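K.L.:
A predicted structure for the sequence below; I have some questions about it.
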Amino acid sequence: MSIELPEQESTILKYLDITHYIDTNAPEAQEKREAKYKIGEACKEVRDIISDDEAFNDWIWTNIISECSATEIEEVTTNTLVAWSKLPEFGTLVQCEIVGFTHISKLLQNKNADMKALVLETIANNDPETAKELIKAILKPTIDYTPIVEDKEKLATTVESVNKLSKEALVALVKAMHQEMIK
């Protein structure tokens, strides 16, 4: 069963041409963010009409991804379009830009409802630059390796996987190890 949604399809393809434009006259970053948001709005409209996951993915593959292969648009994935559809669900383009597009899906998870409320309150009560700095602190939890360092077996396992840790996690681990050593 193929659902025809020509307006949304046209919008998505039009703005994909902006987000994936790779030439000397490429759009500015701001234009690309606006295009991603507009794609997100169109995808959200489609998602509101097609609530079944499988049917939605089929629509994306049939009407968007297959069309991209006939153009110079780099391949776009269903995951990308789903992520962009979350942007208008979170808030306005300006709110999404302050938070950073990559954090939106995390903030929309039910378990992070309090964090989302705090982020939106921070945006409402501060100028954009101050809000960005405050939000970084909200989104970046402190990593506490103290319990791992105190247990030699857990520490050995963690150290074995040290190449998989982020820079921040590695710094937190070293600090915890240092604190254990100076006790």
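P.N.:
Great, that's in hand.

K.L.:
give me the most central residue, this protein.
P.N.:
Thr102 (2.5 Å; CA atoms, centre = their mean).

K.L.:
pretty sure His20 is touching Thr71, no?
P.N.:
No: at 9.1 Å, His20 does not count as touching Thr71 under the criterion of CB atoms under 8 Å. For every residue, glycine as well, the C-beta is placed using N, CA and C.

K.L.:
between these two, who's got more neighbours?
P.N.:
His20 (17 against 11; other CB atoms under 10 Å).

K.L.:
what's near enough to touch the more buried one?
P.N.:
His20 sits next to 73-74, 76 when contact means CB atoms under 8 Å, 6 or more residues apart in numbering.

K.L.:
any chance of CSV for the residues you listed, columns pLDDT and secondary structure?
P.N.:
Below are the contacts of His20 laid out as CSV (pLDDT from 0 to 100; DSSP: H, G, I helix; E, B strand; the rest coil):
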residue, pLDDT, secondary structure
Ile73, 73, coil
Glu74, 71, coil
Val76, 84, coil
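
K.L.:
from the residues you listed, list just the buried residues.
P.N.:
73, 76 (16 or more other CB atoms under 10 Å).

K.L.:
reformat the contacts of His20 as CSV; add distance to Leu13.
P.N.:
Formatted as CSV, the contacts of His20 follow (distance: CB to CB, whole Å):
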residue, distance to Leu13
Ile73, 8
Glu74, 13
Val76, 10
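
K.L.:
other SSEs contacting the longest helix anywhere in the chain?
P.N.:
Ranked by residue count and defined by DSSP state H, the top helix of the chain is helix 29-49. Contacts defined by 3 or more CB pairs under 8 Å, 6 or more residues apart in numbering; DSSP states H and E place helix 29-49 against helix 6-19, helix 53-60, helix 78-90, helix 93-99.

K.L.:
how about those helices in a markdown table, adding distance to Gly40 and mean neighbour count?
P.N.:
Formatted as a markdown table, the helices and strands packed on helix 29-49 follow (distance: least, CB to CB, whole Å; neighbours: other CB atoms under 10 Å):
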| stretch | distance to Gly40 | mean neighbour count |
| --- | --- | --- |
| helix 6-19 | 9 | 18 |
| helix 53-60 | 13 | 17 |
| helix 78-90 | 4 | 19 |
| helix 93-99 | 9 | 19 |
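
K.L.:
looking at those helices, which is nearest to Ala131?
P.N.:
The closest of those to Ala131 is helix 93-99. By CB to CB, the value is 5.2 Å.

K.L.:
what's the spacing between that closest one and its chain's center?
P.N.:
12 Å (CA atoms, centre = their mean, to the nearest Å).

K.L.:
in the helix or strand following that helix, what's buried?
P.N.:
Later in the chain than helix 93-99, the nearest helix or strand by DSSP states H and E is helix 104-108. Buried residues in helix 104-108, counted by 16+ other CB under 10 Å: 104, 107.

K.L.:
pLDDT on helix 104-108, on average?
P.N.:
Average pLDDT, helix 104-108: 91.
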